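In: With the sequence up front, the predicted model follows.
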Amino acid sequence: MKGNKFNKILEQHQQRIYSLALYILRDKHEAEDITQDVFTRLWHNIEQVDIEKVSAWLSAVTRNACIDKLRKRKEFSQVEEEHQVTKKHEEPAGNLQHQQLSSWLSEAISCLKEPYSSLIMLCDVQQNSQSIVAQSLNLTTSQVKVYLHRARRELRNHLKEYTHE
C-alpha cells in the first residue's frame with residue numbers, strides 16, 4: 001500500500017520537483033540529488049503527509065533543501081559560484097533570442113528577494129495554484145496574492161533594465 005501511494009506521487013510530481021530544483025540551483029547534478037532527497041523524505045514520511053497537500057509539501061521540502069544547498073555553496077569560494085553561472089550559459093548556439101530572454105528572466109528573478117522569487121517560480125513558471133503556493137510557503141492566500149502582485153511589479157522593473165541597456 002505504501003509503495004503504491006508513493007509510486008503514484010512520484011510519477012505525478014517527479015518532473016515538477018526536478019524542474020523546481022534545477023531552476024533554483026542551476027545545476028543538473030545538484031537538482032537530481034535534491035529530487036532524490038525529497039522523494040526519500042517523502043518515503044519516510046508518507047503516512048504523515050496529507051495526500052491532498054502532497055504537492056505543497058513536496059514544493060516546500062524542495063525549496064528548503066535548495067536553500068540549504070545554496071547556503072552551503074556560499075561557504076565555498078566565490079569563484080566556484082561564478083563557475084556555476086557561466087557553466088549555465090555554455091549551451092550550443094541555437095535560438096539565441098530565446099536564450100537571451102531566458103537569461104534575462106532568470107537573472108531578473110534571482111534579483112528578487114524572498115518570498116518574491118519563490119512566488120514567481122511556483123506561481124508563474126510552474127503554474128501552481130495560489131492555494132498550493134500558500135501552503136508551500138506558509139502564507140495565507142491573501143498574502144500570496146499581494147506578494148505576487150509586488151513580485152511581478154518588481155520583476156517588470158528588473159526586466160526593463162535588461163531591455164533598455
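Out: Thanks, I have it.
In: Just give me the neighbour total for Gln126.
Out: 16 (other CB atoms under 10 Å). C-beta coordinates here come from the backbone N, C-alpha and C atoms, glycine included.
In: how's the chain carved up into domains?
Out: Using automatic domain parsing, the domain parsing of the chain gives 1-90, 95-165.
In: Do a quick rundown of the helices in the chain.
Out: Along the chain, the segments classed as helices by DSSP state H run 2-25, 28-45, 54-75, 78-88, 96-111, 116-119, 130-137, 141-163.
In: Deepest-packed of those helices, please.
Out: Counting by mean count of other CB atoms under 10 Å, helix 116-119 has the highest mean neighbour count of those, with a mean of 23.
In: Residue ranges in the protein under the pLDDT threshold?
Out: The model of the chain has pLDDT under 70 over residues 74-102, 162-165.
In: which residue is nearest the centroid of the protein?
Out: Geometric centre of the chain, nearest residue: Leu20, 3.4 Å, by CA atoms, centre = their mean.
In: Can you give me the distance of that one to Glu161?
Out: Distance of Leu20 to Glu161, given as CB to CB, to the nearest Å: 26 Å.
In: cool, and Leu22?
Out: With CB to CB as the criterion, Leu22 and Glu161 are 25 Å apart.
In: again with Thr35
Out: Noted for Thr35: a distance of 33 Å to Glu161, by CB to CB.
In: ok, now Ser55?
Out: According to CB to CB, Ser55 and Glu161 sit 34 Å apart.
In: just to revisit the earlier point, wait, what's in contact with the residue nearest to the centre of the chain?
Out: Ser59, Thr62, Arg63, Cys66, Met121, Leu122, Gln126 (CB atoms under 8 Å, 6 or more residues apart in numbering).
In: Distance to Leu112 added to the residues you listed, as TSV?
Out: Converted to TSV, these look like this (distance: CB to CB, whole Å):
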residue	distance to Leu112
Ser59	17
Thr62	18
Arg63	14
Cys66	15
Met121	9
Leu122	13
Gln126	16
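In: what's the closest of the residues you listed to Arg16?
Out: Taking CB to CB as the measure, Arg16 lies nearest Gln126 of the contacts of Leu20, at 6.2 Å.
In: isn't the closest one right up against Ala21?
Out: No: using CB atoms under 8 Å, Gln126 makes no contact with Ala21, being 11.4 Å away.
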